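Trainee: next come a sequence and a model predicted from it.
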There are 2 protein chains.
Amino acid sequence: MSDLLERLRGRGWRMTAQRRVVAEVLDGDHVHLTADEVHSRAVVKLPEISRATVYNTLGELVSLGEVLEVATDKRAKRYDPNAHRPHHHLVCAQCGAIKDVHPGGNPLADLPDSERFGFTVSDVEVTYRGVCPNCAATTTTA
Amino acid sequence: MSDLLERLRGRGWRMTAQRRVVAEVLDGDHVHLTADEVHSRAVVKLPEISRATVYNTLGELVSLGEVLEVATDKRAKRYDPNAHRPHHHLVCAQCGAIKDVHPGGNPLADLPDSERFGFTVSDVEVTYRGVCPNCAATTTTA
DNA sequence: ACTTGACTTAGACCTTGTCCATTGTAGGAT
DNA sequence: ATCCTACAATGGACAAGGTCTAAGTCAAGT
């Protein structure tokens, strides 16, 4: 975490209270907040932070490769601080909970040339969908 | 295609000019239009059709399982009429072109129990990203 | 042909995200 | 310790994608 701040300072990032707060909010595993959620949480720590700043900072973190943009939700983009260990996502179809997962196998290898339409394929994104234990429980009980 | 209309009528769908036009616009392989694109094309055939109707109709087709919503683009949802043959997508990172692909292997099987967090996993969505032949050509020449 | 409830319409409204002119400030220079 | 200035933050307007509502319309059963 403070690793992140160190790394950013090293890259010539100007350190401001706003940027620190955004970085802090994004700390942790299985964290996948929308920009607005980041903003709400940031406001708690720094009431005068503006929406635009949160968007700017998130955008910069993404360009710097420190944070990933994920589109598991079909509405808002979500931001994933776990950018240094490649992974995929498991999403609850009911409550939207998201977990980072590391499947075996290499989906890239599973795409035969005949199915590549001449594309140079460089990346795969896998999203598993299902129902989390929590939602399964409440559904059966109800 | 008229299969689709038959099937829908069989399910008690009231057949209207608007719905017929939306279904017609969505016909074909490798079709992945945004709601607005569907609307623009529908307007050509039926000038007085409204945006809300297009959204409603697309939503119904999705609930009925006749059309898939795909989120390859991070802006607008896209609608894929190829709902009865499971497939994944290959997207050009530059121009946004989308192809339907059928990779070998089963990514669902690649997710070990230890990585399922107690979820009941039912579905996988795979998006391959790369550069299409067209964009590769224009980039090298430019 | 009549009736009725499902369908459509237009436009207001909401959410997510971007832009811009202005004001503020981190951090190097003095 | 203070000053400068380029970079960052602010807030409010704007844009795109999508949803909702009240009122009018029409497909299809009788």
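Mentor: Received, thanks.
Trainee: neighbours around residue A:49, how many?
Mentor: Counted with other C-beta atoms under 10 Å in any protein chain shown, the neighbours of residue A:49 add up to 21. No exception for glycine: its C-beta is placed from N, CA and C like everyone else's.
Trainee: element containing it?
Mentor: Using DSSP states H and E, residue A:49 sits in no helix or strand.
Trainee: same deal with residue A:139?
Mentor: Using DSSP H and E, residue A:139 maps to helix A:133-141.
Trainee: residue numbers of chain A in contact with DNA strand D?
Mentor: Proximity of chain A to DNA strand D (C-beta under 7 Å from any atom of the strand) is limited to residues A:13-14, A:16, A:18-19, A:46, A:48-53, A:56-57.
Trainee: now with 6 Å?
Mentor: A:14, A:16, A:18, A:19, A:48, A:49, A:50, A:52, A:53, A:56, A:57 (C-beta under 6 Å from any atom of the strand).
Trainee: neighbours around the second one, how many?
Mentor: What that stands for is residue A:16. Counted with other C-beta under 10 Å, the neighbours of residue A:16 add up to 13.
Trainee: repeat for the one 4 residues further on
Mentor: Residues within reach of residue A:20, counting by other C-beta under 10 Å, total 17.
Trainee: enumerate every residue touching it.
Mentor: Taking C-beta atoms under 8 Å, 6 or more residues apart in numbering or on different chains as the criterion, residue A:20 is in contact with residue A:5.
Trainee: could you do residue A:55 as well?
Mentor: residue A:35.
Trainee: got a pLDDT number for it?
Mentor: Per-residue confidence (pLDDT) for residue A:55: 98.
Trainee: helix, strand or coil: sort out it for me.
Mentor: helix (DSSP: H, G, I helix; E, B strand; the rest coil).
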